[in-house]
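*Asks:* sequence unknown, structure follows:
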């Protein structure tokens, strides 16, 4: 699997070089949510930044080393170990975010179950950003969202809201 501390070092290095590593959190904050589920939270980079801005956040991931790192950095945030396809927290959130190519880290062919699993928790919006050059298309993603009762309202090429022109990356916003 992964090594959470090693994974996080890459982002720490980028931040030290002056790069903004909080684009996903800034994107989500623009929707003024009071609660966010960071689905596929990894080391908690996005969740921790959202919590710094007073947003109630829950992070969920399957990888224990990633979650261990997240718990160490932010013990006050709720971190849940679960396969996202099976996740059932018994509640919804204003925004569910899947940052960092989450659908691409699931077993091929299981993306529909992943989307259904996180969609159970969508109170208003599902936001996801992922590369489109690895075998999972926006058309497939949109179909999985539609099957889960969500409809596309916005799509961008980057977390900075650049116009989507069928490039290699998409940030999609679906409404419940």
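*Replies:* Yes, it's here. The structure presented is a predicted model; accordingly, all values stated were derived computationally and were not measured.

*Asks:* who touches residue 88 in this structure?
*Replies:* 117, 120 (CB atoms under 8 Å, 6 or more residues apart in numbering). For every residue, glycine as well, the C-beta is placed using N, CA and C.

*Asks:* So, low pLDDT: which residues of this protein?
*Replies:* Scanning the chain for pLDDT under 70 picks out 1-21.

*Asks:* Apart from its chain neighbours, what residue comes closest to residue 24?
*Replies:* Excluding its sequence neighbours, the residue lying closest to residue 24 (CB to CB, 6 or more residues apart in numbering) is residue 99, at 4.0 Å.

*Asks:* Am I right that that neighbour is in contact with residue 36?
*Replies:* No - contact criterion CB atoms under 8 Å: residue 99 and residue 36 do not qualify, at 10.7 Å.

*Asks:* gap between the residue nearest to residue 24 and residue 86?
*Replies:* Remark: distance between residue 99 and residue 86 (CB to CB, to the nearest Å) = 20 Å.

*Asks:* Compare the two (neighbour count), which wins?
*Replies:* Between residue 99 and residue 86, counted using other CB atoms under 10 Å, the more crowded position is residue 99 (24 against 10).

*Asks:* ok, the more buried one to residue 105 distance?
*Replies:* For residue 99, the distance to residue 105 - CB to CB - is 12 Å.

*Asks:* joint contacts of those two?
*Replies:* Counting by CB under 8 Å, 6+ apart, the residues touching both residue 99 and residue 105 are residue 40.

*Asks:* Now the residue nearest in space to the middle of the chain: phi and psi?
*Replies:* In the chain, the centroid-proximal residue (CA atoms, centre = their mean) is residue 98; its distance is 1.6 Å. When read as degrees, to the nearest 10, the backbone of residue 98 gives phi -120, psi 90.

*Asks:* Setting aside sequence neighbours, what's the nearest residue to it?
*Replies:* residue 128 (4.1 Å).

*Asks:* So that neighbour: helix, strand or coil?
*Replies:* strand (DSSP: H, G, I helix; E, B strand; the rest coil).

*Asks:* For it, which residues are in contact?
*Replies:* Counting by CB under 8 Å, 6+ apart, residue 128 has contacts 97, 98, 99, 102, 103, 141, 171, 172, 174.

*Asks:* most surrounded residue in those residues?
*Replies:* residue 97 (31 neighbours).

*Asks:* contacting residues for that one?
*Replies:* Remark: with contacts taken as CB under 8 Å, 6+ apart, residue 97 is in contact with 24, 28, 36, 37, 38, 39, 46, 126, 127, 128.
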